[in-house]
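Colleague: Model the structure of this input:
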Amino acid sequence: MNIEKIKKYKCPVEAAMDVVGGKYKAQIVYELISGKKRYNEIQKTLPQATPRMLSKQLKELEEDGVINRILYPVVPPKTEYSLTELGETLVPIVEALCKWGEYYFNKAGIPIPE
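Modeller: Numbering: from 1, shown residues only. As a prediction, the model looks like this:
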């Protein structure tokens, strides 16, 4: 967690949105709710994310203390991601966003994408 970065925020909402407001950050947290995932497992759930963008979002979540990254020294390299204790506090927020998204689709009369 970068204390100097945190000190620059003008309000708590700005801080929260910076942590989870990235293009795929909330979706990454949502995918990790069920447990540890390897990079490829996360990538499969976000096919629209380029490898560069996904790596950037994962790195930012790690820097913000939301996820753990474990790199196993094997060939080929194996990397696992999981939620930290701080990341676990985002679970109800991300689940609420998911619920609201379902409501939004229903209100529009559009089937919820799988």
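
Colleague: pLDDT below threshold where in this structure?
Modeller: Applying pLDDT under 70 to the chain picks out residues 1-2.

Colleague: if you count residues, which helix in it comes out on top?
Modeller: As assigned by DSSP state H, the longest helix anywhere in the chain is helix 91-108.

Colleague: Tell me which other helices or strands it touches.
Modeller: On a contact count with 3 or more Cβ pairs under 8 Å, 6 or more residues apart in numbering; DSSP states H and E, helix 91-108 meets helix 25-32. To be clear about C-beta, it is placed using only N, CA and C from the backbone, and glycine gets the same treatment.

Colleague: who does the helix or strand following the helix it packs on pair up with?
Modeller: Moving toward the C-terminus from helix 25-32, the next helix or strand (DSSP states H and E) is strand 37-38. Here strand 37-38 is paired, per DSSP bridges, with strand 78-83 (antiparallel).

Colleague: and for the helix or strand that the partner strand is followed by, what are the contacting residues?
Modeller: As assigned by DSSP H and E, the chain's next helix or strand after strand 78-83 is helix 85-88. Contacts of helix 85-88 with the rest of the structure, by Cβ atoms under 8 Å, 6 or more residues apart in numbering, involve 1, 29, 32, 61, 65-67.

Colleague: ok, 7 Å please
Modeller: The contact list for helix 85-88 (Cβ atoms under 7 Å, 6 or more residues apart in numbering) reads 29, 65-67.

Colleague: What residues of the longest helix of the chain count as buried?
Modeller: In terms of neighbour count (16 or more other Cβ atoms under 10 Å), helix 91-108 has its buried residues at 94, 97.

Colleague: re earlier: select only the buried ones of the contacts of helix 85-88 in ChimeraX?
Modeller: Those of the contacts of helix 85-88 that count as buried under 16+ other Cβ under 10 Å are selected in ChimeraX with:
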select :29,66,67
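
Colleague: Going by distance to Pro92, which of the contacts of helix 85-88 wins?
Modeller: Comparing those against Pro92 with Cβ to Cβ places Val29 closest, at 11.1 Å.

Colleague: quick one: contacts for the closest one?
Modeller: Counted by Cβ under 7 Å, 6+ apart, Val29 has contacts 20, 66, 83, 87, 90, 94.
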